[in-house]
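Peer 1: no sequence on this one, just coordinates:
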């Protein structure tokens, strides 16, 4: 037994080291690829996805059948399933990424120093990215496209339930890299669903520059605690909408409904409604009725429960919870400070909104709420790379370090300084 | 024994948790401080350093005497020693930091989206910074000034040899925070020289957002392996100067001498000279003579040793070494590719220079050499926050993530998005 376990560990080590070393070599070449080369690859991949539609749907069908046999939920199976429309949308997203500016070689700042030195700050790739994600197979294609366009090599580790679809996607993308004079190991897929492979790769900081986990809480916690390289987390969104005393209540209603109900399972959906006491008696019955009619379960403070008799009593734990579901916690607050303190104590620094027509209150909320995105008179659902004008995104960072909020192409890069002189020496 | 050890651990835990919690609370307040408030504090600190000169020099004298008694090297004792001139320079650096723009609240980008939403990307502090450094006590004041000006709370851990000086500096800076309506725990000093305190703080990711180690290799390796929060490393500089076939040899000589000899103990000093074969027979004897006359020991490849008989044979280990001393490794290369490969294999991605008058070669070197700073016809010694126009710096990052190269005020911040709408909901 001990010997078998050791052999297995050695095997994973050999396998993962090969992946990581190949990625490192590929990254060195990809860093030098021109925007034209990378864009041709993206457009060719878009073509291939449509040409090979039948094969892709057949591979996906295997995954879907296995998922059904394993008794996965209908929602999970829906997320897993591809069809011609979804494939066409995926091909389109590749074309959109091709149309975005190349962040590599981009001159971000240039300074002429008093001594005549020119200092350029220039975008360069991060290097090798290990991307760990769950469920939806279209993420495989999107992530590979974003990493390659930003000059990085990527090691993909998708959910085991999408293994056949991901394997075919990877084959197609990698073959197209080779066809376009780019390193085929620029996109690699961990060729096993064994969990040990993840742990092994997380120890390889010599070859892997960054790990991005995107998925459930336990995945992210595991990756954060095991990784030896930097981690860019896409963690939970306990998002608030605060309806101020000076809010336009009609506007507040539209925004609360949108923030909660448009797509409750997303990280930027609202999980908690805070209402200023001075308008609670008018606003809460009105919004309560709308939310209940949409099928939202309400969990409120005692005042809320008085004003909305159908609401259940909220526990402290409720206020900390990212429901990702048709549930909303509700609390009446006395003033702006109490709203901000509540957000600070129970929130997750993801997305928080204020509805007010008072400019001073709006500015103070925006200044003091320490979240990746603060919305003034707009739905939390706008916290998204595409909506912010960044183009596609690999996720929304809940970290403070390196990148915060939507991570698009530029957030997948770093920079270097290029300094030009004509014989300058330091005195 | 076991009980005593447990008690000690509990004590460190209590002590460190208090430091970290106080820092977190202070950070929340400092994030809201205005530039005017922070600048007044900086100017007052500059005054106090001069008013309290005698007390500071007396505290420093204690450290210097203890260091001499412990038999520390003359170089270390010199770095440790303060005098009126050094104190005046330190006060000046505080005034310079006061004069720099505030990175907090700085609007870095603003986008008007097609739907009318305004998206602002705004600078905000990182939060709580744990800064670990060695030797020079002026770093205590500089680091505190940079952290507070960028809205962060800082926990300082200086070298034990500067303990008395650092303790007094901390007292003065913290008292001035209180005098200016700022949280006195914005600047804290770990009040013990015990190593256990560092390990304990490195586990407190709940309250500490970032650790910056600056010092020797073993310190940085220890911090990197123990830290549970992000680390911004200030690691070694194995810096190269490559003298190309098309170099102006007079210019090359000035730059090589400057890069090696101006301050050999700094991280951006040159450690290796690469010379194109076509000019080696002319250039190496000439530069060899100059370097030897400056007292530099040369360690070269066989060709170098033929052309400079006083040079010793270099080992592979030499090419990997950051001497920080009057030693230079030398290698003759056949072409640009070989120079770039050598830098890639043996360098540390810190600072690498090319001397050439050929534009194509210069551009290719700058594009392909993956270092925090690439110098064209300029000394490696220019890789410095002040020289790049960033104002003061807390160090030079050798990491790729978050910040690369000189870390000034802006690199001590992150950002948030503020989105303004007028009732926008997502369709």
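Peer 2: Right, received. Where do you want to start? In this text the structure is predicted, and so the values were computed from the model without any measurement. Numbers count the residues shown, from 1 in each chain, chains lettered A, B, ... in the order given.

Peer 1: interface residues of the stretch 151-300 of chain A facing chain B?
Peer 2: A:209, A:210, A:230, A:248, A:251, A:254, A:255, A:257, A:258, A:262 (Cβ under 8 Å from any Cβ of the partner chain). (Each C-beta comes from the backbone N, C-alpha and C, glycine too.)

Peer 1: in the stretch 151-300 of chain A, what residue lies closest to chain B?
Peer 2: At 3.7 Å from chain B, residue A:258 is the closest residue in the stretch 151-300 of chain A, using Cβ to the nearest Cβ.

Peer 1: before we move on, which element is that residue in?
Peer 2: Element membership of residue A:258, judged by DSSP states H and E, is helix A:249-261.

Peer 1: check residue A:271 too.
Peer 2: Assigning secondary structure by DSSP H and E places residue A:271 in strand A:270-276.

Peer 1: okay, buried residues for that strand please.
Peer 2: Of all the residues in strand A:270-276, those buried under the rule 16 or more other Cβ atoms under 10 Å in any protein chain shown are A:270, A:271, A:272, A:273, A:274, A:275, A:276.

Peer 1: quick check, nearest of these to residue A:366?
Peer 2: Checking these against residue A:366 with Cβ to Cβ, the nearest one is residue A:274 at 15.4 Å.

Peer 1: the closest one touches residue A:247, doesn't it?
Peer 2: No - counting by Cβ atoms under 8 Å, residue A:274 sits too far from residue A:247 to count as a contact (11.2 Å).

Peer 1: helices of the stretch 1-150 of chain A, start to end?
Peer 2: Under the criterion DSSP state H, counting those that start in this stretch, helices of the stretch 1-150 of chain A are mapped to A:2-30, A:35-51, A:53-69, A:74-80, A:84-99, A:138-149.

Peer 1: that older thread, with adjacent residues omitted, what lies nearest to the residue of the stretch 151-300 of chain A closest to chain B?
Peer 2: Distance criterion Cβ to Cβ, 6 or more residues apart in numbering or on different chains; nearest residue to residue A:258, sequence neighbours excluded, is residue B:425 at 3.7 Å.

Peer 1: now do residue A:404
Peer 2: Leaving aside its chain neighbours, residue A:404 sits nearest to residue A:372 (4.8 Å; criterion: Cβ to Cβ, 6+ apart).

Peer 1: tell me the contacts of that neighbour?
Peer 2: By Cβ atoms under 8 Å, 6 or more residues apart in numbering or on different chains, the residues touching residue A:372 are A:349, A:350, A:351, A:383, A:396, A:397, A:398, A:404, A:405, B:416, B:417.

Peer 1: one more: residue A:87?
Peer 2: Contacts for residue A:87 were tallied using Cβ under 8 Å, 6+ apart; they are A:49, A:50, A:53, A:56, A:57.

Peer 1: let's see it at 10 Å
Peer 2: A:49, A:50, A:52, A:53, A:56, A:57, A:60, A:138, A:141 (Cβ atoms under 10 Å, 6 or more residues apart in numbering or on different chains).

Peer 1: rebuild the helices of the stretch 1-150 of chain A as a markdown table, extending it with mean pLDDT.
Peer 2: Shown next, in a markdown table, are the helices of the stretch 1-150 of chain A (pLDDT from 0 to 100):
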| stretch | mean pLDDT |
| --- | --- |
| helix A:2-30 | 84 |
| helix A:35-51 | 98 |
| helix A:53-69 | 97 |
| helix A:74-80 | 89 |
| helix A:84-99 | 95 |
| helix A:138-149 | 96 |
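
Peer 1: deepest in the core, which of the ones you listed is it.
Peer 2: Greatest average neighbour count among the helices of the stretch 1-150 of chain A goes to helix A:138-149 (a mean of 25), per mean count of other Cβ atoms under 10 Å in any protein chain shown.

Peer 1: most neighbours among the residues of the stretch 151-300 of chain A next to chain B, please name it.
Peer 2: For those, counting by other Cβ atoms under 10 Å in any protein chain shown, the largest number of neighbours falls to residue A:255: 29 neighbours.

Peer 1: dump the contacts of residue A:372 into JSON lines; add distance to residue B:66, pLDDT and neighbour count as well.
Peer 2: Listed next are those as JSON lines, based on distance: Cβ to Cβ, whole Å; pLDDT from 0 to 100; neighbours: other Cβ atoms under 10 Å in any protein chain shown:
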{"residue": "A:349", "distance to residue B:66": "45", "pLDDT": "95", "neighbour count": "22"}
{"residue": "A:350", "distance to residue B:66": "50", "pLDDT": "97", "neighbour count": "25"}
{"residue": "A:351", "distance to residue B:66": "53", "pLDDT": "98", "neighbour count": "32"}
{"residue": "A:383", "distance to residue B:66": "55", "pLDDT": "97", "neighbour count": "29"}
{"residue": "A:396", "distance to residue B:66": "52", "pLDDT": "93", "neighbour count": "25"}
{"residue": "A:397", "distance to residue B:66": "46", "pLDDT": "93", "neighbour count": "23"}
{"residue": "A:398", "distance to residue B:66": "46", "pLDDT": "91", "neighbour count": "20"}
{"residue": "A:404", "distance to residue B:66": "44", "pLDDT": "96", "neighbour count": "23"}
{"residue": "A:405", "distance to residue B:66": "49", "pLDDT": "96", "neighbour count": "27"}
{"residue": "B:416", "distance to residue B:66": "46", "pLDDT": "98", "neighbour count": "21"}
{"residue": "B:417", "distance to residue B:66": "51", "pLDDT": "98", "neighbour count": "23"}
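
Peer 1: which residues are in contact with stretch A:194-201?
Peer 2: In contact with stretch A:194-201 (Cβ under 10 Å, 6+ apart) are residues A:8-9, A:11-17, A:19-20, A:23, A:130, A:132, A:155, A:157, A:160, A:190-192, A:207-208, A:211, A:213, A:219, A:222-223, A:226-229.

Peer 1: with stretch A:53-64 instead?
Peer 2: The contact list for stretch A:53-64 (Cβ under 10 Å, 6+ apart) reads A:48-50, A:52, A:72, A:77-78, A:80-84, A:86-88, A:90-91, A:137, A:159-169, A:171-172.

Peer 1: let's see it at 6 Å
Peer 2: A:80, A:81, A:82, A:87, A:162, A:164, A:165, A:168 (Cβ atoms under 6 Å, 6 or more residues apart in numbering or on different chains).

Peer 1: tell me the gap between it and the middle of its chain.
Peer 2: Chain-centre distance of stretch A:53-64: 26 Å, with Cα atoms, centre = their mean, to the nearest Å.

Peer 1: can you give me the neighbour number for residue A:176?
Peer 2: Using other Cβ under 10 Å, residue A:176 has 22 other residues around it.

Peer 1: and what of residue A:261?
Peer 2: Residues near residue A:261, counting by other Cβ under 10 Å, number 18.
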